[in-house]
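Engineer: Below is the sequence, then the predicted model.
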Amino acid sequence: MTVTPAAGGEQDGRLGGGLSRVDGPLKVCGEARYAADFDAPGLAHATMVLSRIACGRVRAIDDSAAKREPGVLLVMTPFNAPRLPEGGQAGIKPPAGRTLSLLQDDRVHYDSQPIAVVVAETLEASRQAARLLKVEYEEETPVLDFGQAKAEAHPPKEAQGQEPDSARGDAQGGWAEAAHRHEATYTTPLEHHNPLETHATLAAWDGDELTLWDATQYVHGVRQTVAQRLGIDAEKVRVVNPFVGGAFGSKGSAWSHVVLAAMAAREAQRPVRLMVERTQMFGPVGNRPFTEQAFRLAAAQDGRLTALEHHVHTETARIEDWVEPSALVSRFLYACDNVATSHRLVPLNVGVPTFQRAPGEATGSFALESAMDELAHAAGIDPLAFRLRNHSDFDAERGMPYSSKSLRECYARGAEAFGWSRRELQPGAMRDGDALVGWGMATATYPAKRMPSEARAALLPDGRVQVQCGTHDLGTGTWTLLTQVAADTLELPPSRIALSIGDSALPMAPVSGGSMSAASAGAAVHDVCEALRTRLIELAMADENSPLHGVEHELVELKEGRLRHGQDPARGETLEALASRHDEKALEARVRATPGPDAEKFSKHSFGAVFVEVRVDAALGEIRVPRIVAAYAVGRLLNAKTGRSQLLGGIVWGLSMALHEHSLRDPRYGRIANANLGEYHVPVNADVPDIELIVVPEEDEHLGPLAAKGIGEIGITGVAGAVANAVWHATGRRIRDLPIALDALL
């Protein structure tokens, strides 16, 4: 799909400006097509059937009643599903590949594991037939008790590309010599993704070629995974996904339903659409796992850290190791010579966890920032002053300087806007009538990542420039941002840019996760537009029919759709005129943009400071958050509107993490008891406070041509810690387990 912004209106395409969403009119008018909106001739509908036990085997499935339902085309179970190469488990490597449940055997490893797929002429018929299946289980005792299962805990092979454990200096010695010590354990709950758009896949075969319209953050990864699972050439698979209705990490992997849809379509010999129901979002498509984080933090008399230990136990599935790397943030954020961290996995009969917004940093920053606050109080030091005293000017863990770090300015500007200097040091000292008032703060951080990405740009006969890149828009504004990058680089109005994304047939781009799409795909679009500009200038210089024939390269410029002589602007021609004399191949450029030589020389992170006010009802324990002030240094902010939206969204999710979200797993059966949006609580408008955002200008020449750090995830980090710190300041009660509930304060 290609999107071209409409001409007229606010169309400032310069980077840093507030270009409105170019895909906005399509969405407002209902013309933006998501995965479940696509159609195909003869389309059939599939419903997944999920297990109702957490461990054991499917002994038998009676599908006779289901098959008698009018319109039923196929009932696919472990007893009749086509056999896949290597059991369908070839090439497992997150995020593209995971351990899937593809009906290749009768084993059940977790509650809500896919055990059958019913295909019918209509969605209603498939759902009704699915309800008529009679499943006989041979049940075994599941492992669901985290405390007991810790006896089986083991280290992961890696933690997001880093060693699972780390040690520098002498943490034990630093603890022994300290004047102030703090030791505590913090927990974060099981959480599930609930984007507005649930997962959905439409699979259609044309001979031996497969097209998937799939709700995904990674079209190229889905293509590779599905091809490997089915044992076919990746060139035979195409994945299309121009719009995503939210993802937050859950759509970074190809889950079981994607391959099951392809299998069902091939068996039924019909295109098949499989939509994951809202309640099934709490089953076989990942989640943020429960973490238990043990801290030992110590400081000298002057408040400087002498020891930091952060040891994480996190649940994982028994069929695949997945680590929530919560301790990574503690390795570098504060200056300390003696640091030890570790990660251990606790295997349970649960579905495989996955990425959820700022995996590791969101959970780890809650524990770290809470512990820092507790030690600051023990030392009698203001929490902000304590963090400034332990500010890290050098990444001691990686042994390299930061590419840029404006955290001190974030602290200063955020504190001034919030009025931090008026904060009482002792808890419970600030009141407003019946409300206990608390002020808390925390540091925010997230890595500034960039991966190789490819792009193509071509001049069209009508003078527009077509730009292609196989990246995605998760609702975050990628359509707009890449249009803006191309328009800015070529000095064209955005209406002259025709952008295509969301298709594996387009040039390769990495997964849209890790807050790296702008830096990765954006750099590729910038570079390919630079290459196209050079190509067009060279064509005009060499073209005897061009007014610019023979002009030196450095004297030719591209301005507002015209190639012209820089010293004689009247001498030149339009892009349409140039295009009319050359074929398509001569008018295109392709690039592969890579991070470059600075990639391994600097530690690259975004930083921020979050200040929160809470009001706690003295009698009822009800918590309200009236205001948040947050200051961020994120390199170059590429779009003022969409950038602000991303940061605000992260902050709201951090508030949700602190006070609302918690998936309740039945300890007997492993089933999520609140698997719906009525009981899985997230903030509504009345819960969201006044939020003041401050973006600190920051120049960073080491980040690539756009000088941008990702902003999709830093907003959530630090918020839960700041809220917990504010609750303590209001009440004197230190809550170390999220979410902070009423009964914890009563």
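Structural biologist: That came through fine.
Engineer: Near Y218, how many other residues are there?
Structural biologist: By other C-beta atoms under 10 Å, 28 other residues sit near Y218. In short, each C-beta sits where N, CA and C put it, glycine included.
Engineer: contacting residues for P401?
Structural biologist: With contact taken as C-beta atoms under 8 Å, 6 or more residues apart in numbering, P401 is in contact with F394, D395, F602, S603.
Engineer: phi, psi of the nearest residue to E292 once chain neighbours are set aside?
Structural biologist: Closest residue to E292 apart from its sequence neighbours, by C-beta to C-beta, 6 or more residues apart in numbering: H313 at 4.5 Å. Phi and psi for H313, reported as degrees, to the nearest 10, are phi -110, psi 130.
Engineer: hang on, H257 in a strand?
Structural biologist: No. Looking at H257 with DSSP: H, G, I helix; E, B strand; the rest coil, it is helix, so not inside a strand.
Engineer: if I pick it, what's in contact with it?
Structural biologist: H257 makes contact with M48, P114, H199, T201, L274, V276, P284, V285 under the criterion C-beta under 8 Å, 6+ apart.
Engineer: hmm, 10 Å instead?
Structural biologist: Counting by C-beta atoms under 10 Å, 6 or more residues apart in numbering, H257 touches 46, 48, 100-101, 114, 117, 199-201, 214-215, 264, 274-276, 280, 283-285.
Engineer: and if you look at R592?
Structural biologist: Going by C-beta under 10 Å, 6+ apart, the list of residues near R592 reads P452, S453, E454, A455, P507, M508, A524, D527, V528.
Engineer: Surely the fourth one is within a strand?
Structural biologist: In other words, A455. Yes. Counting by three-state DSSP, A455 is found in a strand.
Engineer: those helices in the stretch 201-350 of the chain, which residues are they?
Structural biologist: Applying DSSP state H, counting those that start in this stretch to the stretch 201-350 of the chain gives helices spanning 219-230, 256-268.
Engineer: Identify each buried residue in stretch 163-178, please.
Structural biologist: By 16 or more other C-beta atoms under 10 Å, the buried positions in stretch 163-178 come out as P164, S166, G169, A171, G174, W175, A178.
Engineer: what would the residues you listed look like in CSV with pLDDT, distance to E320 and secondary structure?
Structural biologist: CSV is the format used below for the buried residues of stretch 163-178 (pLDDT from 0 to 100; distance: C-beta to C-beta, whole Å; DSSP: H, G, I helix; E, B strand; the rest coil):
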residue, pLDDT, distance to E320, secondary structure
P164, 97, 16, coil
S166, 98, 24, strand
G169, 98, 34, coil
A171, 98, 31, helix
G174, 98, 36, helix
W175, 98, 36, helix
A178, 98, 40, coil
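Engineer: Could you single out the nearest of these to K559?
Structural biologist: Using C-beta to C-beta, S166 comes nearest to K559 of those, at 52.5 Å.
Engineer: who are the neighbours in contact with the closest residue to the closest one other than its chain neighbours?
Structural biologist: Setting aside the residues directly before and after it, S166 is nearest to T341 in space (C-beta to C-beta, 6+ apart), at 4.9 Å. Going by C-beta under 10 Å, 6+ apart, T341 touches 159, 162-168, 171, 308-312, 325-331, 364, 397.
Engineer: Low-confidence stretches in this structure?
Structural biologist: Confidence mapping of the chain against pLDDT under 70 gives the ranges 7-11, 90-92, 94-97.
Engineer: Quick check: longest helix in it by residues?
Structural biologist: When the chain is scanned for its longest helix (criterion: DSSP state H), the result is helix 517-542.
Engineer: Give the buried residues for that helix.
Structural biologist: By neighbour count on 16+ other C-beta under 10 Å, the buried set for helix 517-542 is 517-533, 535-537, 539-541.
Engineer: and P41, how many neighbours?
Structural biologist: Using other C-beta under 10 Å, P41 has 7 neighbouring residues.
Engineer: now the helices of the stretch 201-350 of the chain as CSV including distance to T574?
Structural biologist: Listed next are those as CSV, based on distance: least, C-beta to C-beta, whole Å:
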stretch, distance to T574
helix 219-230, 35
helix 256-268, 46
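Engineer: Would you mind listing the buried residues in stretch 103-113?
Structural biologist: Of all the residues in stretch 103-113, those buried under the rule 16+ other C-beta under 10 Å are L103, Q104, D106, V108, H109, Y110, D111, S112, Q113.
Engineer: of all the residues you listed, which comes closest to S20?
Structural biologist: Of all the buried residues of stretch 103-113, S20 sits closest to S112, with 40.7 Å by C-beta to C-beta.
Engineer: coming back round to it: out of the contacts of P401, which are inside strands?
Structural biologist: Members of the contacts of P401 lying in strands (criterion: DSSP state E): none.
Engineer: For these, work out which two are farthest apart.
Structural biologist: Distance extremes for the contacts of P401: the farthest pair is F394 and F602 at 10.9 Å, using C-beta to C-beta.
Engineer: neighbour-wise, which of the two wins?
Structural biologist: F602 (18 against 14).
Engineer: roughly how far apart are the more buried one and A707?
Structural biologist: As judged by C-beta to C-beta, to the nearest Å, F602 and A707 stand 13 Å apart.
Engineer: Domains of the chain: list them as residue ranges, please.
Structural biologist: 2-32+451-594, 401-449+602-745 (automatic domain parsing).
Engineer: Out of those domains, which is closest to V258?
Structural biologist: Among those, the nearest to V258 by C-beta to C-beta is domain 2-32+451-594 (12.9 Å).
Engineer: First-to-last residue distance for the closest one?
Structural biologist: 25 Å (C-alpha to C-alpha, to the nearest Å).
Engineer: Ok, stretch 192-200 next?
Structural biologist: End to end - C-alpha to C-alpha - stretch 192-200 spans 17 Å.
Engineer: distance between stretch 652-664 and the chain's centre?
Structural biologist: 16 Å (C-alpha atoms, centre = their mean, to the nearest Å).
Engineer: Same question for it: list its buried residues.
Structural biologist: Across stretch 652-664, burial judged by 16+ other C-beta under 10 Å covers V652, W653, G654, L655, S656, M657, A658, L659, H660, E661, H662, S663.
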